[in-house]
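1. I'll drop the sequence and a predicted model, then ask my questions.
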Amino acid sequence: MEFRGKLILAPLAGVSDATYRRICRENGADIVVTEMVSARGLLCDPRRSGRYLDYDESERPVGAQLFGPDPGEIERAAAEVARRGFDFVDINMGCPARKVTGGGSGSAILADPRLAGEIARAAIRGSGLPVTAKIRSGLRDGEETYLDVARELFDAGVAAVTLHPRNRGQMFSGSADWGHIAALKKAFPDRVVIGNGDVRLPGDAARMIAETGCDGVMVGRAAMGNPWIFATLKGEAAVPAPGERRALILRHGEEMFRLHGARGIREMRKHLAWYSRGIPGAAAFRAELSRIVDPGSFRAAVERHF
């Protein structure tokens, strides 16, 4: 795996399924990562948790993201990820959601840099694949632990560390402090550091690299409803014309229905809300999303509003 110089689709719970990852790859993302998967859940109920690990060959290179506080469980889950043919394993050490941190996973691990290193070693040992980790700056203001955590991770042998420079208490509010990305790269100049956070507009990725020296850029929430962002960040394409936008949205919904039936159409409601940002009549459109229940109502709504 080569992470330098790449634009990466972040793992996004409830968003970055196989269909959306494939769409993002086609629109300029260099690397994609699955939604986060519980290591314990994968071991205890591989059928249920394993559905988050479905992928298509056209997505490659594709990584699987695991979360969990137990190195032993991470090791066995990473072995399962390798068995399924993924290109790399990513460890979630940044999710701030209480249902994740309450079990000692996600950004809760930032309080224990040594544990972070043990988890990384276990993932490397279990998978035999390149392993990366996604972290935040720390738990709260004045308790930034990202440098200590990254040191343990790099000492363990991870291929790259992605830093989202907000602390757990911020969740997704305020501004990402790119100065933390710069400090991380300065501390580890020969290691791969991926920057993440507040990359939204053409030029933002290049600016992040110029200001921080990071080796690659990961895009998360800005890609929701905007899979074209990767091509625009690279300067390869402008904002799509309305007809192109409509065609991709229709294809997205049709593929979701083909894979998941009626549940796929219901899942598309949130994507439609994101796709509609900035279009005339978006508020009225979002108000009628609950009435989209089948392919016919989906297509009619998209044709009408896009």
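-> Sure, I can see it.
2. which is the next helix or strand following the strand or helix carrying residue 91?
-> Element membership for residue 91 (DSSP states H and E) is strand 88-93. For strand 88-93, the succeeding helix or strand toward the C-terminus, using DSSP H and E, is helix 98-101.
3. Go through that next one and flag the buried ones.
-> Within helix 98-101, the residues that count as buried by 16 or more other Cβ atoms under 10 Å are 100, 101. C-beta: built from backbone N, CA, C; applies to glycine.
4. contacting residues around it?
-> Helix 98-101 is touched from outside by 36, 67, 92, 95, 106, 107, 108, 168, with contacts defined as Cβ atoms under 8 Å, 6 or more residues apart in numbering.
5. pull the CA atoms of it into CSV?
-> Presented in CSV, the C-alpha positions along helix 98-101 are these (Å, rounded to 0.1, in the frame of the first residue of the first chain):
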residue,chain,number,x,y,z
ARG,A,98,-20.7,7.7,23.6
LYS,A,99,-21.9,4.3,22.5
VAL,A,100,-18.4,3.6,21.2
THR,A,101,-16.3,5.4,23.9
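6. buried sites along the helix or strand just after it?
-> As assigned by DSSP H and E, the chain's next helix or strand after helix 98-101 is helix 113-127. For helix 113-127, burial by neighbour count (16+ other Cβ under 10 Å) applies to 113, 115-127.
7. what helices or strands is helix 113-127 leaning on?
-> Contacts defined by 3 or more Cβ pairs under 8 Å, 6 or more residues apart in numbering; DSSP states H and E place helix 113-127 against helix 71-83, strand 88-93, strand 131-136, helix 146-156.
8. Recalculate using a threshold of 6 Å.
-> helix 71-83, strand 88-93, helix 146-156 (3 or more Cβ pairs under 6 Å, 6 or more residues apart in numbering; DSSP states H and E).
9. Just name the most buried of these.
-> For the helices and strands packed on helix 113-127, the largest average neighbour count (mean count of other Cβ atoms under 10 Å) is found in strand 88-93, namely a mean of 26.
10. got the contact list for that strand?
-> By Cβ atoms under 6 Å, 6 or more residues apart in numbering, the residues outside strand 88-93 that reach it are 1, 33, 36, 63-67, 78, 81, 106, 109, 116, 123, 127, 129-135.
11. Just the buried residues out of these, in ChimeraX syntax.
-> Restricted to buried positions by 16+ other Cβ under 10 Å, the ChimeraX selection for the contacts of strand 88-93 reads:
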select :33,36,63,64,65,66,67,78,81,106,109,116,123,127,129,130,131,132,133,134,135
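12. In stretch 212-227, which residues are buried?
-> For stretch 212-227, the neighbour count (16+ other Cβ under 10 Å) marks 212, 214-227 as buried.
13. any idea how far the nearest residue to residue 187 once chain neighbours are set aside lies from residue 175?
-> Sequence neighbours aside, residue 147 is the residue nearest to residue 187 in space, at 5.6 Å (criterion: Cβ to Cβ, 6 or more residues apart in numbering). From residue 147 over to residue 175 the distance is 20 Å, taken as Cβ to Cβ, to the nearest Å.
14. repeat for residue 63
-> Applying Cβ to Cβ, the value for residue 63 to residue 175 is 27 Å.
15. next one: residue 33
-> 24 Å.
16. same deal with residue 298?
-> 36 Å.
17. Who has more neighbours out of those two?
-> The residue with more neighbours, out of residue 298 and residue 175, is residue 298; 25 against 10, by other Cβ atoms under 10 Å.
18. wait, is that one part of a helix?
-> Yes. Using DSSP: H, G, I helix; E, B strand; the rest coil, the assignment for residue 298 is a helix.
19. Please tell me I have it right and it contacts residue 265.
-> Yes. The pair residue 298 / residue 265 is scored as a contact, 5.4 Å apart, by Cβ atoms under 6 Å.
20. ok, which pair from the buried residues of helix 113-127 is furthest apart?
-> Largest separation among these by Cβ to Cβ: 113 and 127, giving 21.6 Å.
21. Brilliant, that's me finished.
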